[in-house]
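Trainee: just the structure for this:
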Amino acid sequence: MKHIILPTDFSKNAMNAFRYAQKLFEKDPCTFHVVNCYVSLESHKSIYATALDWDAPDTNNRLSSEQGLLQFVAKVKGATHKPWHSFKTVSSARMLTNEIKDLIQETDAELVIMGTKGASGLKEIFMGTTTVQVIKSIKSCPVLAIPENFNFKEPLEIAFATDLYRFYSQSELQPIMDFANTFKSTVRIVNVTAGTESLTDIQKFNLYTIQKHFGAIPNYLHSASLTNSISKTLELLTEELDVHLLALLNYPHSYLEKASREPVVKKTAFHTRIPLLVIPEMSMATTSKRKREDILATV
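Mentor: Reported below is the predicted structural model:
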């Protein structure tokens with residue numbers, strides 16, 4: 001049984017992300033944990049207790065949140081409901097990121113799926129979006145961001161963007177491998193370069209390790225010359241390759257970010273036109289009990 005966390009602010013964007021999740025796991029027994037965080041009457045002045053992209057009216061109390069969740073789940077079930085899919089609702093006055101962190105530990109969830117809206121200029125710098133905040137805060141579970149108005153497509157082509165300067169464990173690559181095995185996908189390993197330089201010995205070794213982990217999954221290396229930004233380069237390449245899912249590992253001080261001085265994951269989350277899978281850097285301190293056991297079993 002898979003456990004998937006689906007935060008919602010009752011917007012069309014959140015509904016679209018939920019529809020995507022239903023189709024993505026159409027054949028899998030799943031429990032969808034639908035989460036809404038509201039501003040309590042006691043703390044209505046705090047913007048941090050709720051999603052920033054709130055669209056629904058009268059959402060500042062528990063009753064509205066609980067009723068909204070029931071209506072939301074009723075809508076997403078509709079005619080596409082599968083008997084092997086179940087739903088649990090969580091209404092909370094806590095910060096959304098804190099609620100998600102606890103749910104991941106309680107349910108051993110393997111994925112958080114959220115809708116995301118594009119942003120630019122001052123909004124991107126000062127405000128951001130709820131999804132980007134979740135991506136930055138969640139360190140124990142991958143986050144799948146679904147762009148606004150994106151219609152579901154099976155991820156037959158997956159791009160994995162990496163600078164190849166980091167060693168990847170099998171646990172970190174497992175979310176990509178799971179999607180690739182389920183949908184018989186091809187993985188495009190994308191290395192963004194500043195010029196035409198060849199791979200270093202370190203990069204060659206890390207590429208070899210990645211491909212060894214992928215095993216029988218078809219995979220190919222693609223080098224992309226840096227344009228005005230890494231996020232824009234990835235956007236252009238994924239369009240050229242007709243990619244249906246872009247994957248990134250979220251870890252601090254990556255070579256890509258050092259070289260470009262660009263917050264790559266954040267910028268890509270804002271501007272991607274296809275689903276973005278952000279995988280956190282795995283560590284024994286932040287992984288769930290089951291995942292820790294899996295890692296130890298391979299040592």
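Trainee: got the buried residues for stretch 187-199?
Mentor: 187, 188, 189, 190, 191, 192, 193 (16 or more other C-beta atoms under 10 Å). Backbone N, C-alpha and C define where each C-beta goes, glycine included.
Trainee: specify the beta-bridge partners of the nearest residue to residue 218 once chain neighbours are set aside.
Mentor: Sequence neighbours aside, residue 186 is the residue nearest to residue 218 in space, at 4.5 Å (criterion: C-beta to C-beta, 6 or more residues apart in numbering). Beta bridges link residue 186 to residue 157, judged by DSSP bridges.
Trainee: tell me how many other residues crowd residue 186.
Mentor: 17 (other C-beta atoms under 10 Å).
Trainee: relative to the whole chain's centre, how far out is stretch 99-108?
Mentor: Distance of stretch 99-108 from its chain centroid, counting by C-alpha atoms, centre = their mean, to the nearest Å, is 16 Å.
Trainee: got the contact list for that stretch?
Mentor: 3, 5, 7, 31, 33, 35, 37, 90, 92, 109, 112, 134, 137-138, 140-141, 288-291 (C-beta atoms under 8 Å, 6 or more residues apart in numbering).
Trainee: show me the helices in the stretch 151-299 of the chain, by range?
Mentor: Here the stretch 151-299 of the chain has its helices, by DSSP state H, counting those that start in this stretch, at 170-183, 201-214, 230-240, 255-260, 264-271, 289-298.
Trainee: relative to the strand or helix carrying residue 112, what are the paired strands and their orientations?
Mentor: Element membership for residue 112, per DSSP states H and E: strand 111-116. Strand 111-116 sits in its sheet next to strand 2-7 (parallel), strand 143-147 (parallel), going by DSSP bridges.
Trainee: go through those strands and pick out the most buried.
Mentor: Most buried of those, by mean neighbour count (mean count of other C-beta atoms under 10 Å): strand 143-147, with a mean of 25.
Trainee: what is the rounded mean pLDDT of that one?
Mentor: Average pLDDT, strand 143-147: 92.
Trainee: max-length helix in this protein?
Mentor: Ranked by residue count and defined by DSSP state H, the top helix of the chain is helix 62-77.
Trainee: now do the buried residues in that one.
Mentor: For helix 62-77, burial by neighbour count (16+ other C-beta under 10 Å) applies to 64, 65, 68, 69, 72, 73, 76.
Trainee: please list all residues in contact with residue 90.
Mentor: Counting by C-beta under 8 Å, 6+ apart, residue 90 has contacts 33, 34, 35, 36, 69, 99, 103.
Trainee: any chance of these in CSV, with secondary structure and pLDDT too?
Mentor: Below are these laid out as CSV (DSSP: H, G, I helix; E, B strand; the rest coil; pLDDT from 0 to 100):
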residue, secondary structure, pLDDT
33, strand, 97
34, strand, 96
35, strand, 95
36, strand, 93
69, helix, 94
99, helix, 95
103, helix, 96
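Trainee: now for those residues, which pair is the farthest apart?
Mentor: 69 and 103 (14.1 Å; C-beta to C-beta).
Trainee: before we move on, back to that, among the contacts of residue 90, name the buried ones.
Mentor: 33, 34, 35, 36, 69, 99, 103.
Trainee: ok, so of these, who is nearest residue 158?
Mentor: Once C-beta to C-beta is applied, the member of these that ends up nearest residue 158 is residue 33, at 25.1 Å.
Trainee: the closest one and residue 4 touch, don't they?
Mentor: Yes: counting by C-beta atoms under 8 Å, residue 33 touches residue 4, with 6.9 Å between them.
Trainee: overlap in contacts, the two.
Mentor: Joint contacts of residue 33 and residue 4 (C-beta under 8 Å, 6+ apart) are residue 109.
Trainee: what lines up beside the next helix or strand after the longest helix of the chain in the sheet?
Mentor: Downstream of helix 62-77, the next assigned helix or strand under DSSP H and E is strand 85-92. Within its sheet, strand 85-92 is paired with strand 30-37 (parallel), according to DSSP bridges.
Trainee: all set now, cheers.
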